[in-house]
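**Q** quick one, fold the following:
(one chain, ligands or ions: 2)
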Amino acid sequence: MSPTLDAPLQVGGLRLRNRLYRAPLLEHAGNGPEAADRLVAELEPAAASGAGLVMQGATPVRGYEGCAAPGMTGFDDPDRVASMRRLTDAVHERGARIFCQLAHGGLRSFEVWHHEHRAAHPDLTQRAVSRPPWPLRVLDAVGVVSFDVEVLSTDAVYALAAEFGERAAWAEAAGYDGIHLTGANTSLFHQFLSPLYNRRDDEFGGDLAGRARFFEVVHDEISANTDLPVVTKVPVETEAPRFLPHVDWDEGVAACERLAAAGYDALVPVRTTPFWDASIIKGAVPERAWADASLTSRYERAFGGPVRFRAVRALAKLSARRHGFEPAWNADLCRVVRDRVDVPVFCVGGLRERAEMDALLGDACDAVGVGRPFYAEPRLPARLLTGDARAVCESCNNCVVPQAAGLPGTCRTPSVVRERMRLEREGAYDTAPADSEPEPTD
Ligand SMILES: Cc1cc2nc3c(=O)[nH]c(=O)nc-3n(C[C@H](O)[C@H](O)[C@H](O)COP(=O)(O)O)c2cc1C
Ligand code: SF4
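**A** Ligands and ions are numbered 1, 2, ... in the order given. Next up, the predicted model:
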């Protein structure tokens, strides 16, 4: 019989009390002394309301370098990572588990488009797998982005992989239960896997075995330094323009098979493009967010003036039109991968309804992740785990665009906020599910 959302799941040596996880999202906790407390405020409600697993948003292994968005919390400082004990304790006290997401953005580093950040950190360079691909060089030439690239030598790739292992050991000491890698979303991992970005002629380039090698070396570094389960997103570039080299469906499935064989404890296959565009989130054109006059000056400061703001806005609108919302948009891919691997497959992207989640479990996937709806309903698991509920989030992306200007991730659609408040008044989030008793932690 297929499991339902409330059934436990084993991931490597770790038992999760159920199959619902909070997907990694930007928390805007920053690098200051209050970072851990901000993360507790953001993530503890998911644990308290019953989620089995909380995936913290990306934490760059080199702090400011390779940082994909404003407000991330760098895992480059051992004291900062140790301070996360407050967060891991808070999650464990509520019976859930927590993974951090070790990250490096490579060319997807936000100083390439964020003028204030570039001005504050003029020495930042972007570590690259190879020279940027031509579409990015065109954007650089017309001034939409501005690169200052350093291609990683073979030794530098191994050194970076070793840093992932070291940070994972710090995370384990701080009480994290597992490591999630930013394998997709145009991260450096994604850039290694992608034939558009990766034109190397050493052991990290060439065929799929070479392009997947960075994932494998990082996995081995983490396993050599910790006992933690390791999970990664795997980008399958089915949404890429046909004329560009890309990881197609067959190669993406083969990559998942390789990574399972290499020892990954769970995989999160996602359909995407090679670019940081709306394929990662899909959904409506966020007109309300772009048009908010109170934010215009912030956008102009971030993007470097009104002309560049208008250019970025036009590109974002085009991209959003190409990638409209589809419920459970990664489910078909997950189903095929799940048939080929013997580790759990996590499905994320457009999952909103309890009935749909139960239908996918044991068929297309073993666990389901929910992202943006947590901005609208921080205690959403209380509803999903206790009844045939549907998240109130409308996937409109009004919460996403303001984050480029450094604003926190929170629901910005008044009708949705009103609905959440109505549910609050009715007590819909008051009851944690019956089996949310704390799991024993070591
Ligand atoms: C604002 C924002 C930040 C995100 N940050 C991350 C991240 O740090 N790491 C990651 O792997 N995915 C990130 N994602 C992608 C989500 O984990 C998820 O895959 C995506 O939002 C689709 O799920 P949803 O439809 O439930 O929101 C982010 C998404 C959003 C909207
Ligand atoms: S603004 Fe609110 S409704 Fe729209 S995607 Fe974000 S959380 Fe969902």
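**Q** surely Ala255 meets Ala212?
**A** Yes - between Ala255 and Ala212 there is a contact under Cβ atoms under 8 Å: 5.5 Å. Bear in mind the C-beta positions are built from the backbone N, C-alpha and C, glycine included.
**Q** find the residues that touch each one of those two.
**A** Contact with both Ala255 and Ala212 is made by residues Leu193, according to Cβ atoms under 8 Å, 6 or more residues apart in numbering.
**Q** tell me the SS of the closest residue to ligand 2 within the stretch 151-300 of the chain?
**A** Taking Cβ to the nearest ligand atom as the measure, the point where the stretch 151-300 of the chain comes nearest ligand 2 is Gly283, at 6.3 Å. Classification of Gly283 using DSSP: H, G, I helix; E, B strand; the rest coil returns coil.
**Q** for it, grab the count of nearby residues.
**A** Other residues lying near Gly283 total 20 when counted by other Cβ atoms under 10 Å.
**Q** contacts only, for the residue nearest to Gly66 when sequence neighbours are not counted.
**A** Nearest non-adjacent residue to Gly66, counting by Cβ to Cβ, 6 or more residues apart in numbering: His104, 3.8 Å away. Listed by Cβ under 8 Å, 6+ apart, the contact set of His104 reads Pro60, Val61, Arg62, Glu65, Gly66, Arg127, Leu160, Thr182, Ser187, Leu188, Phe189.
**Q** at which residues are the strands of this protein located?
**A** 9-11, 14-16, 20-22, 53-60, 97-103, 126-128, 149-151, 178-181, 230-236, 266-271, 346-348, 367-370 (DSSP state E).
**Q** dump those into TSV; add mean neighbour count as well.
**A** Shown next, in TSV, are the strands of the chain (neighbours: other Cβ atoms under 10 Å):
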stretch	mean neighbour count
strand 9-11	19
strand 14-16	18
strand 20-22	29
strand 53-60	28
strand 97-103	27
strand 126-128	21
strand 149-151	13
strand 178-181	27
strand 230-236	27
strand 266-271	27
strand 346-348	26
strand 367-370	25
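**Q** now mean pLDDT and distance to Trp170 too, for the ones you listed, in TSV please.
**A** Shown next, in TSV, are the strands of the chain (pLDDT from 0 to 100; distance: least, Cβ to Cβ, whole Å):
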stretch	mean pLDDT	distance to Trp170
strand 9-11	98	21
strand 14-16	98	19
strand 20-22	98	22
strand 53-60	98	11
strand 97-103	98	10
strand 126-128	98	21
strand 149-151	97	25
strand 178-181	98	11
strand 230-236	98	15
strand 266-271	98	22
strand 346-348	98	24
strand 367-370	98	25
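**Q** for ligand 1, find the nearest of the ones you listed.
**A** strand 53-60 (3.4 Å).
**Q** convert the C-alpha atoms of the closest one to PDB, please.
**A** Output in PDB follows, covering the C-alpha atoms of strand 53-60 (Å, rounded to 0.1, in the frame of the first residue of the first chain):
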ATOM      1  CA  LEU A  53      12.000  18.000   7.900                       C
ATOM      2  CA  VAL A  54      13.000  21.600   7.500                       C
ATOM      3  CA  MET A  55      15.400  22.400   4.700                       C
ATOM      4  CA  GLN A  56      17.100  25.700   5.500                       C
ATOM      5  CA  GLY A  57      17.700  28.000   2.500                       C
ATOM      6  CA  ALA A  58      21.100  28.100   0.800                       C
ATOM      7  CA  THR A  59      24.100  28.900   3.100                       C
ATOM      8  CA  PRO A  60      27.200  29.900   1.000                       C
END
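**Q** buried residues in the helix or strand bottoming out on mean pLDDT in the chain?
**A** Here the helix or strand of the chain ranked lowest by mean pLDDT, DSSP states H and E is helix 287-291, holding a mean of 79. For helix 287-291, the buried set under the neighbour-count rule, 16 or more other Cβ atoms under 10 Å, comprises Ala289, Trp290.
**Q** so what secondary structure elements neighbour that helix?
**A** Under the contact definition 3 or more Cβ pairs under 8 Å, 6 or more residues apart in numbering; DSSP states H and E, helix 287-291 sits against helix 306-322, helix 401-404.
**Q** please enumerate the helices of the stretch 1-150 of the chain.
**A** With DSSP state H, counting those that start in this stretch as the criterion, the stretch 1-150 of the chain has helices at 35-48, 78-83, 85-93, 115-120, 134-141.
**Q** among those, which gets the worst mean confidence?
**A** For these, the weakest mean pLDDT is recorded on helix 115-120, namely a mean of 92.
**Q** what number of residues lie near Arg242?
**A** Residues near Arg242, counting by other Cβ under 10 Å: 6.
**Q** can you start the count at 31 instead of 1 from here on
**A** That works, and once the first residue is 31, the last one we named lands at Arg272.
**Q** distance of it from Asp278?
**A** Counting by Cβ to Cβ, to the nearest Å, the gap from Arg272 to Asp278 is 10 Å.
**Q** list phi and psi for the closest residue to Ser253 other than its chain neighbours.
**A** Leaving aside its sequence neighbours, Ser253 sits nearest to Gly293 (Cβ to Cβ, 6+ apart; 6.4 Å). As for Gly293, its main-chain torsions (degrees, to the nearest 10) stand at phi 120, psi 0.
**Q** near ligand 2, which residues of the stretch 331-472 of the chain show up?
**A** Residues of the stretch 331-472 of the chain that fall close to ligand 2, judged by Cβ under 6 Å from any ligand atom: 402, 405-406, 423-429, 441-443, 446.
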